[in-house]
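Asks: for reference, the sequence and a predicted model appear below.
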Amino acid sequence: MGLSAQEREEAAELLRVAEETRVAIPPLVQAFPHMDVTDTYEIQLLNIRRRLAAGATVYGHKVGLSSKAMQEMMGVDEPDYGHLLSDMVYSEDAPIPTHSLLIPRVEVEVGFVLGDDLPGEGCTVADVLRCTDFIAPAIELIDSRIADWKIGLMDTIADNASSCGVILGTERVKPDELDVTAIEATLDINGARVAEGRSDAVLGDPTIAVAWLANKVASFGVRLEAGHVVLPGSCTRAYDVKPGDDVVATFSGLGSVHLTFA
C-alpha cells in the first residue's frame, strides 16, 4: 500500500528531530505500519537532500548488515544502504565528540575509494575492481535514532542505515595488490581485543556488496561516482563505544585506523 508523500515527510521529520534533540523515537513501523521499502529509501533521501541543501556534499555510500554477524545481531536477512556525507567524516587526529550522539557503535570496514564511476544496473565485481582506485582501512561510526536499537530493515533504511560517521586510516593499497576476500581484521577497545574477523564475512567478498549497492540504488537515481568512498559492511559485529574510549582497528596488509571519543 505504501505511504503518502505527506506521511513520508512526517517520518523524515521525526528522524530529523530525533537526531537534532538526541531523543530517540519508537520504530517508524509502529507509527506507519503500511510503510514499504520504497517508502523507507524515499524517507532517507528527504533527509539527505535537506542536509545537501544546507551545504553538505556526498562523500560516499555504505552497505550495512551485509555480514551474518550483523544480520543476526539486528534480526534482518538482507543488507541495507545509506549515504555518507561530508559532515560525517572524522579524522584520526581529533577526538570524536559524543555529545551529539545517542547510542554510538563502531564497525570494522574495508573501505573502497572509487577512481571511476561505477555502472548502475548490471554492475559486476569486475566493474568494482576496475573502478576502485584503492582500498583503505576504515571504521564506520553508527548510531540509531530509533530507541534502544529496536530496528528492522525498514527502520534502518529510513534512518540512513544507522550511519553517522566514517574514519579512514592513512594506508592506501591497490585492489590487485591484496586478496580482498582474505583481509584479517581485529578490533581493540581500550587496549583489549574485542573482535576478530575477516573481510569475507561480508557476503563472502566485500566487492560483491559494492556491486550489489551500485545495482540497488540505481533505481533511485543514485550513482556511485569517482572519488566516493564505499563501505561494504562490517567484518565483525558492531561494538558500543562511550566517552573516553580508545579504538583501534587493524587489517592484515592494510594498516590500521585509530580513534578516540571525547
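Replies: Yep, that arrived. Numbers count the residues shown, from 1 in each chain.

Asks: and the strands in the chain, which stretches?
Replies: 58-64, 80-85, 105-114, 132-142, 163-168, 184-189, 192-198, 229-231, 239-240, 246-251, 255-260 (DSSP state E).

Asks: which residues does the last one contact?
Replies: The set of residues external to strand 255-260 that reach it, using CB atoms under 8 Å, 6 or more residues apart in numbering, is 90, 92, 95-96, 106, 137-139, 167-171, 244-250. The C-beta positions use only the backbone N, C-alpha and C, and glycine is treated the same way.

Asks: partners of the residue nearest the centre of the chain in the sheet?
Replies: Most central residue of the chain, judged by C-alpha distance to the mean C-alpha position with CA atoms, centre = their mean, is Lys62 at 3.9 Å. In this structure, Lys62 bridges to Gly82, Leu231 when assessed by DSSP bridges.

Asks: touching, it and Cys164? I think so.
Replies: No. Distance between Lys62 and Cys164: 10.7 Å, which falls outside the contact criterion (CB atoms under 8 Å).

Asks: the nearest residue to Leu46 once chain neighbours are set aside: neighbour count?
Replies: The shortest distance from Leu46 to any residue other than its chain neighbours is 3.9 Å, reached at Ala12 (CB to CB, 6 or more residues apart in numbering). As a burial measure, Ala12 scores 21 neighbours (other CB atoms under 10 Å).

Asks: next one: Thr38
Replies: Per other CB under 10 Å, the neighbour tally for Thr38 reads 14.

Asks: please name the nearest non-neighbouring residue to it.
Replies: With CB to CB, 6+ apart as the measure, Gly2 is the residue that lies nearest to Thr38, at 6.6 Å, once sequence neighbours are left out.

Asks: my guess is Pro119 meets Ala211, correct?
Replies: No. Counting by CB under 8 Å, Pro119 stays clear of Ala211, with 9.4 Å between them.

Asks: pretty sure Ser144 contacts Asp159?
Replies: Yes. Using CB under 8 Å, Ser144 makes contact with Asp159 at a distance of 6.5 Å.

Asks: quick check: neighbours shared by those two?
Replies: Counting by CB under 8 Å, 6+ apart, the contacts common to Ser144 and Asp159 are Ile151.

Asks: now for Ala211: which residues touch it?
Replies: Residues in contact with Ala211 (CB under 8 Å, 6+ apart) are 118, 123-125, 127-128.

Asks: start to end distance for stretch 148-165?
Replies: Stretch 148-165 has an end-to-end distance of 19 Å (criterion: CA to CA, to the nearest Å).

Asks: and that stretch, average pLDDT?
Replies: Model confidence over stretch 148-165 averages 92 on the pLDDT scale.

Asks: buried stuff in it?
Replies: 149, 151-165 (16 or more other CB atoms under 10 Å).

Asks: same deal with stretch 190-210?
Replies: Under the neighbour-count criterion of 16+ other CB under 10 Å, stretch 190-210 has 195, 197-203, 205-210 buried.

Asks: just those now: which is nearest Glu78?
Replies: For Glu78, the closest of these turns out to be Leu203, at 10.5 Å, with distances computed as CB to CB.

Asks: where's the closest one relative to Ile96, distance?
Replies: Noted for Leu203: a distance of 28 Å to Ile96, by CB to CB, to the nearest Å.

Asks: quick one on the thing from earlier: for the buried residues of stretch 190-210, give me CSV that also has distance to Gly75 and pLDDT.
Replies: Compiled in CSV, the buried residues of stretch 190-210 are given as follows (distance: CB to CB, whole Å; pLDDT from 0 to 100):
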residue, distance to Gly75, pLDDT
Ala195, 20, 97
Gly197, 20, 95
Arg198, 23, 95
Ser199, 24, 95
Asp200, 23, 93
Ala201, 18, 87
Val202, 18, 85
Leu203, 18, 83
Asp205, 24, 94
Pro206, 22, 95
Thr207, 26, 96
Ile208, 22, 93
Ala209, 19, 92
Val210, 24, 96
